[in-house]
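A.B. asks: got a sequence here, can you model it:
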Amino acid sequence: MAIEEDVKFTNEHEWIEIDGKTATIGISNFAQESLGDIVYVELPEVGSIISEGEIMGTLESVKSVSDIYCPIQGEVIEVNKELEEHPGLVNTSPYEDGWIVKIKIDPSDIPTGLMDLESYKDFIQED
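C.D. replies: Purely as a prediction, here's the structure:
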């Protein structure tokens, strides 16, 4: 997925793409560059219910361990199993092959604090 108009970002550097009742979530290119080489990804369990702002997994890089925060409430319906064998996909393809989780959501419950690409670029410039 190219970074399209409908992709939103959080101030914790996750991205979210909402398609009907499904949200696909990953980390931004800025985040993966800041972390360095990702060597391990801890994924949530399929079927688990995650609240907005809750930690849903972790990324371990050669530099540090970082939490992945869920930008929206919902039920985990799919995790990117490829990341178990190839965690570096988060580095090489953060918006396509390196997505982390898909969540079933209520489309009427989309958070208002998400940023579009331009706002996110401004946010990381200030950060």
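A.B. asks: pLDDT wise, what is the nearest residue to residue 20 once chain neighbours are set aside at?
C.D. replies: Nearest residue to residue 20, sequence neighbours excluded (Cβ to Cβ, 6 or more residues apart in numbering): residue 107, at 6.6 Å. (Glycine included, C-beta is placed from N, CA and C.) Turning to residue 107, the model gives it a pLDDT of 86.
A.B. asks: residue 3 too?
C.D. replies: 65.
A.B. asks: which residues in the chain form strands?
C.D. replies: Remark: strands assigned in the chain by DSSP state E are 7-9, 14-19, 22-27, 38-42, 49-50, 55-61, 65-69, 74-79, 101-104.
A.B. asks: direction included, what does the fifth one pair up with?
C.D. replies: In this case it means strand 49-50. strand 74-79 (antiparallel) (DSSP bridges).
A.B. asks: just give me how far the partner strand sits from the chain centre.
C.D. replies: Chain-centre distance of strand 74-79: 12 Å, with Cα atoms, centre = their mean, to the nearest Å.
A.B. asks: that one vs strand 22-27, what angle?
C.D. replies: Orientation of strand 74-79 against strand 22-27 (axes from the mean of the first three to the mean of the last three Cα atoms, to 10 degrees) gives an angle of 70 degrees.
A.B. asks: what are the buried residues along strand 74-79?
C.D. replies: By neighbour count on 16 or more other Cβ atoms under 10 Å, the buried set for strand 74-79 is 74, 76, 79.
A.B. asks: hang on, residue 65 packs against residue 57?
C.D. replies: No: using Cβ atoms under 8 Å, residue 65 is not in contact with residue 57, being 10.9 Å away.
A.B. asks: out of these two, which sits in the more crowded spot?
C.D. replies: Between residue 65 and residue 57, counting by other Cβ atoms under 10 Å, residue 57 is the more crowded of the two (20 against 11).
A.B. asks: beta-bridge partners for the more buried one, please?
C.D. replies: residue 68.
A.B. asks: for residue 78, give me its contacts.
C.D. replies: Residue 78 makes contacts with 46, 101-102, as judged by Cβ atoms under 8 Å, 6 or more residues apart in numbering.
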